[in-house]
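Asks: need the 3D shape of this:
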Amino acid sequence: MPDKPNVLFIVSDQHNAKVLGHKDHPDVRTPNLDRLAGEGTRFDNCITQSPICTPSRVSFLSGQYCHNHGYYGLSGPNPNGLPNVLGHFRRGGYTTAAIGKIHCPEYWVEDVCDLFLEVGNCSVGGNPEYQRYLRDKGVWDEWDRCERRTGPFGQSLEGFPSEQAYRDSSEGWAVSRAAQFMQQAAAAGRPFFCHVSFPKPHQVYCPAPEFWEMYDENALTLPPNADYEMDRKPPNMRKATSEFRRRAAEWTEFEPHTYEAGRRRKLRGYLGNVTHVDFAVGELLDALDQAGIAQNTIVVYTSDHGDFACEHGLIEKAPGISSDAITRVPLLWRCPGLISAGHEPGELVESVDVPGTLTALAGLPPMPTSDGRDISALVCGGNGSVREVAVTETPWARSIRKEDWRLVWYAPETYAEEYPDGFGELYNLADDPWEMTNLWFDPACAEKIAELQRDLLTWLVRTTRVTTVLPHFRQRGADWRQRYENSVLADGKIGYEQIRQSQRQLRNYI
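Replies: Take a look at the predicted model:
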């Protein structure tokens, strides 16, 4: 047994934080995730840094906010010099693997992994090993690609049972390869960092048949905000809901071709996908037990962003910045003997906190290019605030969470035609957990809006990394490089703490 703890970092795509058995969801079945939460620590207020895939993944693997790493769209070029947590653990003596839907900029993760198996951005992708597996089994034509079923909104939004058996799905295959990797590392006495990323519950909403059959769409409970007056919601959000209703005959693929039937099939498929992922998580936990390494393995489960799961009458995940359903994600930690069982801290945490916390728990030096916090004290049973606010970003808007309040700030030109005097969103989640009452236009909330806007501006100033600063910053050490007069970190930037040091020396340049 290696002295250093192993790491199994599990990520699913598009998991609404409310859709878990231990969160008292009325219908979903997640026995393995419930077990994981019961045996470790669960965070109920984890905020993701982006409402879409690649930016969120760059954030939780690098520990950087989007305005620092610069990725707001899908995929993209290699972020030259930006460290990620897999490479950091590899330099610390770990063998590393990334298996599943990694969906990151090119060769950013591949180059720091001993094993890299990308199954693609949807359910099946370009990984030759997985393709050979499907062809050799004669099930190549049964794959569940996003592009296989399309409609007026791009990817299929229908719910239906997959033609693929669970074992042949991306999740089933990824579990098999991850289990093999972890068992081989354990047999060689090497600590490992294994990142397993599942395409589901992201659409296509087609779970393996056994998980589809667990649910009856006509008996499912729609969320309380499935149907309500949306007069003060963003114009594009209202339009999207209207379009899903109006064009139901186009995006539904099965009878009856109605909005009501279609959204219930989608919800059935989504819940089936969640249970499909839950089963895969259970298999990974079983693999740790079978290899005799569960006691020395830190297990983390989270998601890149949420899904509406029929909230606000929406079928797809956009516009994500507008909703807690998208910006808040599950975050579960387990490590027997290290992490307290059944701990439920209510503090605000963020996806960028994952790398710094893993390095702290593993006894590795911190990543100086990370913006996240070390929340290991919370993970291990403590309490206490680690930050006042948590922020989700898009290029045009920011969502800021503070205590029970959530504000969405938009650039003034975003809705200038509909709202020439300005538009935003403000919710009190204690009174309105389903976000049906936008308080932005309530005069009684003007002071709260101003407070959160100030908090957002302060956050932006405090967290922004720069390339140069006056006076010239000079720092020597393994994490720093210097040419000419300025020192920078591996990503070519200087962090806020170093900026503050420079301010103390030359205040006239503030």
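Asks: per-residue pLDDT, the most centrally placed residue in the chain?
Replies: When CA atoms, centre = their mean is applied to the chain, the residue found nearest the centroid is Asp304 (1.6 Å). Per-residue pLDDT puts Asp304 at 98.
Asks: got the contact list for it?
Replies: Applying CB atoms under 8 Å, 6 or more residues apart in numbering to Asp304 gives the contacts 11, 13-14, 48, 50, 52-53, 56-57, 60, 329, 351. (Glycine included, C-beta is placed from N, CA and C.)
Asks: just those residues: which are in helices?
Replies: Among these, DSSP state H puts 53, 56-57, 60 in helices.
Asks: ok, how many other residues are close to the closest residue to His472 other than its chain neighbours?
Replies: In space, and not counting its chain neighbours, His472 is closest to Glu485: 4.3 Å by CB to CB, 6 or more residues apart in numbering. By other CB atoms under 10 Å, the residues close to Glu485 number 10.
Asks: check Ser340 too.
Replies: With other CB under 10 Å as criterion, Ser340 counts 15.
Asks: which element is the closest residue to it other than its chain neighbours on?
Replies: Nearest residue to Ser340, sequence neighbours excluded (CB to CB, 6+ apart): Gly381, at 3.4 Å. Secondary structure from DSSP states H and E places Gly381 outside every helix and strand.
Asks: distance of Gly381 relative to Asn273?
Replies: 32 Å (CB to CB, to the nearest Å).
Asks: so which of the two has more stuff around it?
Replies: Asn273 (32 against 14).
Asks: close enough to count as contact, that one and Ala208?
Replies: No. When contacts are counted by CB atoms under 8 Å, Asn273 is not listed as touching Ala208 (9.4 Å).
Asks: which of the residues in stretch 328-343 are buried?
Replies: Neighbour-count burial for stretch 328-343, counted by 16 or more other CB atoms under 10 Å, picks out 328-335, 338-339, 343.
Asks: could these go into CSV alongside pLDDT, secondary structure and distance to Pro471?
Replies: Shown next, in CSV, are these (pLDDT from 0 to 100; DSSP: H, G, I helix; E, B strand; the rest coil; distance: CB to CB, whole Å):
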residue, pLDDT, secondary structure, distance to Pro471
Arg328, 98, strand, 41
Val329, 98, strand, 41
Pro330, 98, strand, 45
Leu331, 98, strand, 40
Leu332, 98, strand, 45
Trp333, 98, strand, 42
Arg334, 97, strand, 47
Cys335, 88, coil, 44
Leu338, 82, coil, 43
Ile339, 81, coil, 44
His343, 93, strand, 45
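Asks: now for these: which two are most distant?
Replies: Farthest apart among those by CB to CB are Arg328 and Leu338. That separation is 25.7 Å.
Asks: other SSEs contacting the lengthiest helix in the chain?
Replies: Criterion DSSP H: the longest helix present in the chain is helix 259-291. Contacts defined by 3 or more CB pairs under 8 Å, 6 or more residues apart in numbering; DSSP states H and E place helix 259-291 against strand 6-13, helix 31-39, helix 170-187, strand 192-201, helix 209-212, helix 235-246, helix 248-251, strand 297-303.
Asks: out of the ones you listed, which is the most enclosed?
Replies: strand 192-201 (a mean of 28; mean count of other CB atoms under 10 Å).
Asks: got the CA positions of it in CSV?
Replies: Provided in CSV are the C-alpha atoms of strand 192-201 (Å, rounded to 0.1, in the frame of the first residue of the first chain):
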residue,chain,number,x,y,z
PHE,A,192,-2.3,7.1,-8.6
PHE,A,193,-4.5,10.0,-9.7
CYS,A,194,-7.3,8.7,-11.8
HIS,A,195,-9.7,11.2,-13.4
VAL,A,196,-12.8,9.5,-14.7
SER,A,197,-15.3,11.7,-16.6
PHE,A,198,-18.7,10.5,-17.7
PRO,A,199,-20.6,12.0,-20.7
LYS,A,200,-24.0,11.4,-19.0
PRO,A,201,-26.4,12.8,-17.7
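Asks: mean confidence score for it?
Replies: 97.
Asks: paired strands for it, with orientation please.
Replies: strand 6-13 (parallel), strand 95-100 (parallel) (DSSP bridges).
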